[in-house]
Structure formats: C-alpha cells, structure tokens
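[1] how does the following fold in three dimensions:
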Amino acid sequence: MDRTILESNPHQVIEGMAICAYAVGAHKAVVYVRSEYPLAVNIVTKAIGQAEELGLLGKGILGGGFDLEINVFQGSGAFVCGEETALIRSIEGYRGMPRHRPPYPVQKGLWNTPTIINNVKTLASVPPILDNGAAWYRDIGTENSPGTAIFSIVGNVVHAGLVEIPMGVSLRSLIFDICGGIPNKKKFKAVQIGGPSGGCLNEDFLDTPIDFDSLTEAGAMMGSGGMVVMDEDTCMVEVARYFLDFTQKESCGKCTFCRIGTYHLLKILQRLTKGEGLDGDLELLETLSRDIKAGSLCGLGKTAPNPVLTSLKYFREEYEAHVKEKRCPALMCRALTAFYFDLDLCARGCDACATCCPVDAVFTTSNRKKGVDQELCVKCGECLVACPPEYDAVRKVSPPNLVPFIEKIPDKKEEGR
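    Residues are numbered from 1 along each chain as shown. The predicted structure follows:
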C-alpha cells in the first residue's frame with residue numbers, strides 16, 4: 001500500500017514531509033524504503049530532484065528562510081524495521097533491533113537528535129487536510145477514526161488489489177460489495193486483518209465496522225493494511241503456522257520471549273499439521289502466546305501470536321480435529337490428506353492423471369483403472385486438477401473418511417502397471 005503511494009504520487013508525500021518538517025523545525029528528512037522496491041526508490045529519488053530544481057526543497061525554499069534536505073535510505077527488508085526504534089538503528093548503520101522507550105524518538109532519535117516518524121499514508125494525508133481543513137477530514141470515517149483506510153486485499157476474493165474506503169465501512173461491505181465476494185461459489189470462512197501478525201476473524205464479525213477500536217476489540221488490528229480473505233477450503237491451523245513461520249524468521253532475536261517463544265509456538269503448530277499433536281497442546285499454545293505478548297519488547301513479538309490466539313478462539317474445533325482425530329477438516333494439511341480414485345467413476349483408458357503426476361505415483365491396472373501409490377505420492381493435487389470434469393474420479397480425503405476408498409484400492413502388484 002505504501003509502496004504504491006510512493007510509486008504513483010511521490011510529490012504528495014514529499015510535500016507532506018516538507019510541511020511536517022516546517023511545523024517542527026526540522027531541516028533533514030529521510031524516506032526509508034526497502035531495497036526490494038527499486039521502482040519506488042527510483043521514482044522517489046527522481047521526485048526529490050525535481051522538487052529541488054523547482055526550489056521546493058533545499059536551501060531557502062520558495063525564497064524564504066527555511067531549508068530542508070530529503071534523502072532516500074534503502075533498507076534491507078527486515079520486517080522488524082517497521083518498529084520505529086529498529087528503523088532508526090538501521091539508518092544509523094546498525095542491525096535493526098528495537099530499544100527500550102523512553103527516551104522516545106521525539107526526545108532522542110536518529111543520531112541522538114529529536115526525530116518524528118510517520119508512515120507514508122499519514123504524510124500523504126497532510127496536504128489535502130491543509131487544503132480542505134480539519135473539519136472536511138473529520139467528516140470522513142467515524143468520530144474516533146476519521147479519514148480513510150487503504151487495504152491490500154488478497155486471497156479468495158473476486159477482485160483483489162488495493163482498496164481505499166472511509167473508516168467505518170463493514171467487513172461484509174468491503175469483501176462482498178467492493179471486492180465481489182468469494183469466487184467459485186465457495187463459502188466465506190475467515191479474514192485475516194493487519195498483516196502477518198493480524199488476527200483471524202470468522203463470519204460472526206462480517207458486520208464489524210473497519211476502524212481502529214472495533215478491530216482491536218475483535219482481536220485483529222489495522223496494522224499495515226494487509227487483508228487476506230479465506231474460503232471454506234482453508235485450514236486455520238495451517239494459516240496460523242504459515243504466519244508464525246514468517247514472524248518467527250523475522251524476529252530480531254533481542255527478546256527471549258519473541259526469539260524462543262515464537263520458535264516453540266511454530267514447532268507445536270508444525271506438529272499439529274502433521275498429525276502429531278499431543279494432549280495439552282492447545283492449552284500450551286494459549287499460555288505461550290499470552291506470555292510472548294506480555295514479555296516482548298516491540299510490536300513484532302507483541303502481535304506475532306495474534307493469528308494463533310484468534311484462530312484458536314474462533315476455530316477451536318479445527319484444532320481439536322487435528323489433535324484428537326489426526327484429521328484436517330479443510331483437507332489442506334498434506335500430511336493428513338491423501339488422494340484416491342473412485343473406481344466406479346474412473347474412466348478406462350483415460351491417462352490425464354497419470355501423465356501429469358510429477359513422481360509417477362499414479363499407476364494403471366490391467367483393467368485400465370487408476371490407482372495411487374501412497375508411498376510415492378507427494379500430494380501435489382495435480383491429478384485432481386487434471387481429471388476431466390465429466391468423470392470427477394479423484395477424491396481428496398482425510399481420516400476417518402479413507403475407509404470406503406481404501407477398500408476399493410487396486411493391488412498394484414497383482415493388477416500390474
């Protein structure tokens with residue numbers, strides 16, 4: 001979201017920075033952009049040069065006595081540098097790690113000088129607010145959360161992409177009216193809001209207004225403006241594992257709770273997705289998550305357990321199925337699923353599934369029916385995709401639903417290749 005603003009309208013951000021610098025008496029400013037966004041880096045650098053040529057930056061701006069120098073700093077893409085004190089350390093040439101506050105950056109920040117830090121959208125909002133007045137801005141959104149929100153919406157929606165909405169619009173309106181709803185006639189299951197460490201909300205929260213207070217109360221957050229929409233085929237245990245894997249790798253390692261706690265959270269979730277869950281794992285997940293939130297120094301550790309806590313709270317039956325039944329209800333966890341052929345539907349002589357199998361796990365019997373060698377199968381699902389819809393013979397199943405298919409499995413050795 002911020003990258004798109006920098007690439008599409010850098011001058012509005014630069015103008016907001018100049019106004020901000022003039023208001024606080026700052027003469028140096030920095031645009032911090034991760035180096036993985038070369039287009040944004042190039043466009044912002046060029047825009048700064050254009051502003052300097054027009055006398056809008058540099059010495060004696062617009063013939064007055066105010067000077068401002070803006071530089072672009074390319075970060076290395078560390079997620080933890082979204083925390084302001086870690087970002088400051090990164091600019092100073094050190095490893096991006098947060099520090100205790102106080103002193104706050106406004107007291108002692110970059111190079112030990114008073115520093116204010118704001119995100120791109122905030123700075124880009126300054127010029128239109130000055131042009132139209134604070135009352136105009138407060139008329140948009142809600143009383144406690146005025147203005148607009150920009151979300152990067154991905155996942156199981158018809159129209160994915162960037163969406164700017166007034167604060168207060170409901171999740172239902174955003175997902176179903178603006179983004180077109182869930183494709184392929186699937187049912188809505190959950191939405192994860194706030195980036196990798198945002199909370200997962202079920203359909204009971206579809207009428208929740210999108211604002212800071214309401215999302216926080218529900219267990220999610222506005223965060224970086226990321227939103228992932230999930231349909232009925234999504235496993236919430238796997239979703240929690242996926243996001244924990246990211247935040248655990250991005251931990252800077254300074255806090256014991258974050259460094260070691262997220263590691264153990266991830267290991268438990270990995271066990272669950274493999275059918276190796278133990279009695280007491282769910283309680284351990286909850287206790288450990290709350291300890292990590294309480295004991296971590298920065299926002300990364302304090303919010304990393306959010307996907308675990310919210311999915312446990314709103315989709316606990318899925319966790320229990322993984323632990324007690326060694327089953328994935330959504331058929332998403334590879335270790336807990338298998339592919340079989342319904343021999344009553346399998347067509348003779350059709351080799352669509354066999355030709356697409358990357359590990360040659362699909363074999364043909366003497367009567368031209370198909371079977372799957374479970375020892376070779378990597379559960380990629382290519383056979384399911386390749387099977388012609390008029391036959392629809394491939395089944396993706398999970399215990400205890402394997403029995404009717406196992407009884408029909410042809411014996412590869414007896415039937416022959």
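[2] burial count for Phe79?
    Phe79: 20 surrounding residues under other C-beta atoms under 10 Å. Every residue, glycine included, has its C-beta placed from N, CA and C.
[3] for it, which non-adjacent residue is closest in space?
    Once flanking residues are discounted, Phe79 sits nearest to Glu250: 3.7 Å by C-beta to C-beta, 6 or more residues apart in numbering.
[4] pLDDT wise, what is the one you found at?
    pLDDT for Glu250: 93.
[5] and it, what is it in contact with?
    Glu250 is in contact with Ala78, Phe79, Val80, Pro196, Leu300, counting by C-beta atoms under 8 Å, 6 or more residues apart in numbering.
[6] what of Ile116?
    Applying C-beta under 8 Å, 6+ apart to Ile116 gives the contacts Cys20, Val24, Ala26, Pro105, Val106, Gly109.
[7] try Gly195
    Taking C-beta under 8 Å, 6+ apart as the test, what Gly195 contacts is Gly223, Ser224, Gly225, Gly226.
[8] as CSV, the contacts of Ile116 with distance to Gly147 and pLDDT would be great.
    Below are those laid out as CSV (distance: C-beta to C-beta, whole Å; pLDDT from 0 to 100):
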residue, distance to Gly147, pLDDT
Cys20, 16, 96
Val24, 21, 95
Ala26, 24, 95
Pro105, 23, 95
Val106, 22, 95
Gly109, 26, 95
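[9] just the ones of these in strands?
    If you go by DSSP state E, those have nothing in strands.
[10] out of those residues, which end up buried?
    For the contacts of Ile116, a burial check counting by 16 or more other C-beta atoms under 10 Å picks out Cys20, Ala26, Pro105, Gly109.
[11] which residue packs closest to the last one, ignoring adjacent ones?
    Leaving out its chain neighbours, the residue that sits closest to Gly109 by C-beta to C-beta, 6+ apart is Thr115, at 2.7 Å.
[12] number of nearby residues for the one you found?
    Thr115, neighbours per other C-beta under 10 Å, totals 22.
[13] where does the chain have its least confident helix or strand?
    helix 412-415 (a mean of 46; mean pLDDT, DSSP states H and E).
[14] with only the CA atoms kept, save the host helix or strand of Lys293 in PDB.
    Element membership for Lys293, per DSSP states H and E: helix 281-295. Extracted in PDB, the C-alpha atoms of helix 281-295 (Å, rounded to 0.1, in the frame of the first residue of the first chain):
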ATOM      1  CA  ASP A 281      -1.000 -28.700  23.100                       C
ATOM      2  CA  LEU A 282      -3.900 -26.200  22.700                       C
ATOM      3  CA  GLU A 283      -3.700 -25.000  26.200                       C
ATOM      4  CA  LEU A 284       0.100 -24.700  25.800                       C
ATOM      5  CA  LEU A 285      -0.400 -22.600  22.600                       C
ATOM      6  CA  GLU A 286      -2.700 -20.200  24.500                       C
ATOM      7  CA  THR A 287      -0.400 -19.900  27.500                       C
ATOM      8  CA  LEU A 288       2.700 -19.400  25.500                       C
ATOM      9  CA  SER A 289       1.000 -16.900  23.200                       C
ATOM     10  CA  ARG A 290      -0.100 -14.700  26.100                       C
ATOM     11  CA  ASP A 291       3.400 -14.900  27.600                       C
ATOM     12  CA  ILE A 292       5.000 -13.800  24.400                       C
ATOM     13  CA  LYS A 293       2.600 -10.900  24.000                       C
ATOM     14  CA  ALA A 294       3.300  -9.700  27.600                       C
ATOM     15  CA  GLY A 295       7.100 -10.200  27.600                       C
END
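[15] rewinding a little: tell me which of the contacts of Glu250 fall in helices.
    Of those, the ones assigned to helices by DSSP state H are Leu300.
[16] show me which of the contacts of Glu250 is closest to Glu53.
    Using C-beta to C-beta, Ala78 comes nearest to Glu53 of the contacts of Glu250, at 33.5 Å.
[17] quick check: closest non-adjacent residue to the closest one.
    For Ala78, ignoring the flanking residues on the chain, the nearest one in space by C-beta to C-beta, 6+ apart is Gly96 at 4.7 Å.
[18] what do you get for Phe257?
    Using C-beta to C-beta, 6+ apart, the closest residue to Phe257 is Gly295 (3.5 Å).
[19] where do the strands sit along this structure?
    28-34, 69-75, 148-155, 161-166, 188-193, 199-201, 226-231, 338-341, 362-364, 370-372, 394-397.
[20] now render those as CSV, adding mean pLDDT and distance to Ile91.
    As requested, the strands of the chain are exported to CSV (pLDDT from 0 to 100; distance: least, C-beta to C-beta, whole Å):
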stretch, mean pLDDT, distance to Ile91
strand 28-34, 96, 6
strand 69-75, 96, 5
strand 148-155, 92, 25
strand 161-166, 94, 27
strand 188-193, 95, 29
strand 199-201, 94, 31
strand 226-231, 94, 24
strand 338-341, 87, 51
strand 362-364, 88, 55
strand 370-372, 87, 55
strand 394-397, 88, 49
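[21] among these, which comes closest to Leu285?
    Comparison of those against Leu285 by C-beta to C-beta identifies strand 199-201 as nearest, at 13.8 Å.
[22] bridged to the closest residue to Phe151 other than its chain neighbours, which residues?
    Leaving aside its sequence neighbours, Phe151 sits nearest to Met227 (C-beta to C-beta, 6+ apart; 4.7 Å). Here Met227 sits in beta bridges with Ile153, Ile193, going by DSSP bridges.
[23] Met227 and Ser152: what is the separation?
    Applying C-beta to C-beta, to the nearest Å, the value for Met227 to Ser152 is 7 Å.
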